[in-house]
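Participant: Predicted model and sequence below, questions to follow.
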Amino acid sequence: MSIPLRLSSFLEQYGTRYEVCSHPRSRTSAETARRAHVCAHELAKSVLVEDEAGCVLAVVPGDRMVRLGELSRVLGRQYLHLADEQRVATLFAGCERGAVPAFGMAWGVETVVDDEVEACPIVYLESGDHEHLLRLAHEEFHALMRPARHGRFSGAVARH
């Protein structure tokens, strides 16, 4: 699968420099990081949440999880919950399920970025499928995410 047209057009519109990195097919962020040989903390994981006001794409490091209470506080919203898979598939047409790029704004979806992702010198993100990542320098990622809201809303993934 190639990069979805909406994503490639968005990146081209801003003159973004990036690399496409191939990796063996993966299903989770942790598996993607391992198979792509990248630091999980530098992998921007996209999580779609929603409430009665609509959807928001939360972007956190691949080794972290969204803390809904903190995200609600950052956004000044209540009752945020994870969106179901059908909602994700409908909003992010052209992307495989579970491979949503961090640039929700390319699909007209409000995007909020955790400060820990912004601190990474290199950021990897899903390209719309489960076999490719986009690699961006911090400056490129930051420039694209400048209009997005930012805050601290990620937490350590619970270990069982």
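Facilitator: Received it, and whenever you're ready, just let me know what you need.
Participant: Now do the buried residues in the strand or helix carrying residue 72.
Facilitator: When secondary structure is defined using DSSP states H and E, the element that contains residue 72 is helix 68-75. The neighbour-count criterion (16 or more other Cβ atoms under 10 Å) identifies 68, 71-72, 74-75 as the buried residues of helix 68-75. Quick note: C-beta positions are derived from backbone N, CA and C, even for glycine.
Participant: Identify all contacting residues around the helix or strand that comes right after it.
Facilitator: On the C-terminal side of helix 68-75, the closest following helix or strand by DSSP H and E is strand 81-82. Strand 81-82 has contacts (Cβ atoms under 8 Å, 6 or more residues apart in numbering) with 47-51, 68.
Participant: What pairs with strand 81-82, parallel or antiparallel?
Facilitator: Here strand 81-82 is paired, per DSSP bridges, with strand 43-51 (antiparallel).
Participant: In terms of secondary structure, what does the helix or strand that comes right after the partner strand contact?
Facilitator: Past strand 43-51, heading to the C-terminal end, the next element that is a helix or strand (DSSP H and E) is strand 54-61. The elements that strand 54-61 packs onto, with contact taken as 3 or more Cβ pairs under 8 Å, 6 or more residues apart in numbering; DSSP states H and E, are strand 43-51, helix 68-75, strand 110-114, helix 115-118.
Participant: can I get the ones you listed in CSV with mean pLDDT and distance to residue 6?
Facilitator: What follows is these, written out as CSV (pLDDT from 0 to 100; distance: least, Cβ to Cβ, whole Å):
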stretch, mean pLDDT, distance to residue 6
strand 43-51, 97, 14
helix 68-75, 96, 24
strand 110-114, 98, 14
helix 115-118, 95, 21
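Participant: Could you work out which of the ones you listed reaches nearest to residue 85?
Facilitator: Put simply, out of those the one that sits nearest residue 85 is strand 43-51, at 9.5 Å, with distance taken as Cβ to Cβ.
Participant: The closest one: which residues count as buried?
Facilitator: Under the neighbour-count rule (16+ other Cβ under 10 Å), strand 43-51 has 43-50 buried.
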